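J.: Next input, structure requested:
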Amino acid sequence: MLMSKLAQRNLILKLEAAPVVTSVIAIARPAAEVFDFVSTPAHWSRWHPATRLVREAPERPLVLGETVLEHIGMVGRRFQARWTVCACEPVNRWAIATDTPHGVARITYLIVAEGTGCRFERRLQFRSKFWLWRLFDANLTRWVLEHQSSRALRRLKILLEAR
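T.: Predicted coordinates for the structure are as follows:
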C-alpha cells in the first residue's frame with residue numbers, strides 16, 4: 001500500500017522539530033550487500049534489539065511503497081508498527097516511516113562506499129503521541145534509543161563481517 005502524498009506531508013509535519021538519533025559505523029562489506037541486508041525486514045530481528053518479529057514482507061529488500069508489520073519491544077513496551085518505504089535509492093539511501101497510536105517515526109539508512117567496505121548511517125526521527133511519553137522524548141527516550149541503535153549497528157557489523 002502506497003503512502004499517499006497527504007499522509008507523507010502529515011507525517012513530515014508531525015516529525016517537525018522531533019528528536020533525532022543518528023548512529024554511524026564502518027562495515028567491511030560492499031555497500032550493495034549492506035543495502036540489501038538492511039532493507040530486507042526478514043533480517044531485522046538478527047541485528048536490531050527492538051525487533052521481535054516481522055510479518056507481511058517478502059524475503060528481499062523492500063522497494064518504494066511496500067510495507068512491513070514489525071512487532072517491537074523496548075523499555076518494557078510492546079507494540080506493532082506498519083512501516084512504509086518512503087525512499088529507495090539502491091545502494092545509497094533507504095527510508096521507512098510509520099504512524100502508530102503510540103507515535104510517529106522515520107528511519108533513514110545512508111550507505112556510502114569506502115574502499116572495499118562502506119560507511120553505514122542510521123537516522124531515527126521520532127515523536128511520541130501521548131503527552132506524558134512526549135515529555136521524555138528529548139531526554140530519556142532519546143538516550144534509550146541512542147544506546148539501542150549503537151548496539152544494533154555493532155551487531156550488524158559483526159553479523160555482516162562474519163559472512
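
J.: remind me which residues of the chain are low pLDDT?
T.: Residues of the chain meeting the criterion pLDDT under 70: 1-13.

J.: one more time with 80
T.: 1-14, 16-17, 75-76 (pLDDT under 80).

J.: now the helices for it?
T.: Here the chain has its helices, by DSSP state H, at 5-14, 31-38, 44-47, 131-134, 142-161.

J.: Tell me the gap between the longest one and the middle of its chain.
T.: This points to helix 142-161. 11 Å (CA atoms, centre = their mean, to the nearest Å).

J.: Now that helix - C-alpha only, CSV.
T.: Output of helix 142-161 as CSV, limited to C-alpha atoms (Å, rounded to 0.1, in the frame of the first residue of the first chain):
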residue,chain,number,x,y,z
ARG,A,142,16.4,9.5,23.1
TRP,A,143,19.1,8.1,25.5
VAL,A,144,17.5,4.6,25.3
LEU,A,145,17.2,4.8,21.5
GLU,A,146,20.8,6.0,21.1
HIS,A,147,22.1,3.0,23.1
GLN,A,148,19.8,0.6,21.3
SER,A,149,20.8,2.0,17.9
SER,A,150,24.6,1.8,18.8
ARG,A,151,24.1,-1.8,19.9
ALA,A,152,22.2,-2.6,16.7
LEU,A,153,24.9,-1.2,14.5
ARG,A,154,27.6,-3.1,16.4
ARG,A,155,25.6,-6.3,15.9
LEU,A,156,25.1,-5.5,12.2
LYS,A,157,28.8,-5.1,11.7
ILE,A,158,29.7,-8.3,13.5
LEU,A,159,27.0,-10.2,11.6
LEU,A,160,27.9,-8.9,8.1
GLU,A,161,31.6,-9.1,8.5
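
J.: residues in contact with that helix?
T.: Outside helix 142-161, the residues that touch it by CB atoms under 8 Å, 6 or more residues apart in numbering are 19, 21, 23-29, 33-34, 37-38, 46-50, 74-75, 120, 122, 124, 126. (Glycine included, C-beta is placed from N, CA and C.)

J.: if we can go back for a sec, with mean neighbour count and distance to Arg55 as new columns, can the helices of the chain be given to me in CSV?
T.: Converted to CSV, the helices of the chain look like this (neighbours: other CB atoms under 10 Å; distance: least, CB to CB, whole Å):
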stretch, mean neighbour count, distance to Arg55
helix 5-14, 13, 21
helix 31-38, 19, 18
helix 44-47, 17, 11
helix 131-134, 11, 25
helix 142-161, 16, 20
